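K.L.:
starting from these lines, generate the structure:
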Amino acid sequence: MDICLYAPPISRPHLEKRLSALQNASLISVSNEDDAISALASAVVLVIPQQYTTSSLAAALNEAPNLRMIQLLTAGLEKLRGVKFPAHIRISSGSGGLAPIVAEHAVALLLALTRRRS
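P.N.:
Numbers count the residues shown, from 1 in each chain. Alright, predicted model coming up:
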């Protein structure tokens, strides 16, 4: 099973390490849209942040013969609204994955604000 990873440079090394450890999977790590579109010829899974989705990539997703799943690295799906995918392609996102950390950070900011006012 080919997995295409098209991720930002800051997160790519960590994701490459984790995805390379999967059994029965071959990782194709790309750093630009043209390479991602080329990798879709064999990819079963695409791992991508939603902000990397362009109209040309969206069109290529519909032509990908083996693609079965898109895993977004981000919580939102806004860039994919209006894109019509074949029914067999599943889309998964990171929605809620960072909620506890974001909530903790918000509380810490509120505490810092009240401390300054005292």
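K.L.:
from Leu15, how far out is Tyr9?
P.N.:
Small correction: residue 9 is Pro, not Tyr. Noted for Pro9: a distance of 11 Å to Leu15, by CB to CB, to the nearest Å. Bear in mind the C-beta positions are built from the backbone N, C-alpha and C, glycine included.
K.L.:
who's more crowded, the two?
P.N.:
When Pro9 and Leu15 are compared for neighbours, Leu15 comes out ahead with 17 against 7, by other CB atoms under 10 Å.
K.L.:
give the buried residues for the helix or strand where that one lies.
P.N.:
Per DSSP states H and E, Leu15 falls inside helix 12-20. In terms of neighbour count (16 or more other CB atoms under 10 Å), helix 12-20 has its buried residues at Leu15, Leu19.
K.L.:
how about the CA coordinates for that helix, as CSV?
P.N.:
Extracted in CSV, the C-alpha atoms of helix 12-20 (Å, rounded to 0.1, in the frame of the first residue of the first chain):
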residue,chain,number,x,y,z
ARG,A,12,7.6,16.1,7.5
PRO,A,13,10.5,14.4,9.4
HIS,A,14,8.3,13.3,12.3
LEU,A,15,5.5,12.1,10.0
GLU,A,16,8.0,10.3,7.7
LYS,A,17,9.4,8.4,10.7
ARG,A,18,5.9,7.4,11.9
LEU,A,19,4.5,6.4,8.5
SER,A,20,7.7,4.5,7.5
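K.L.:
distance between it and the chain's centre?
P.N.:
Centroid separation for helix 12-20 versus its chain: 13 Å, with CA atoms, centre = their mean, to the nearest Å.
K.L.:
so for the following helix or strand past it, mean pLDDT?
P.N.:
Note on helix 12-20: by DSSP H and E, the next helix or strand toward the C-terminus is strand 26-30. In this model, strand 26-30 has an average pLDDT of 96.
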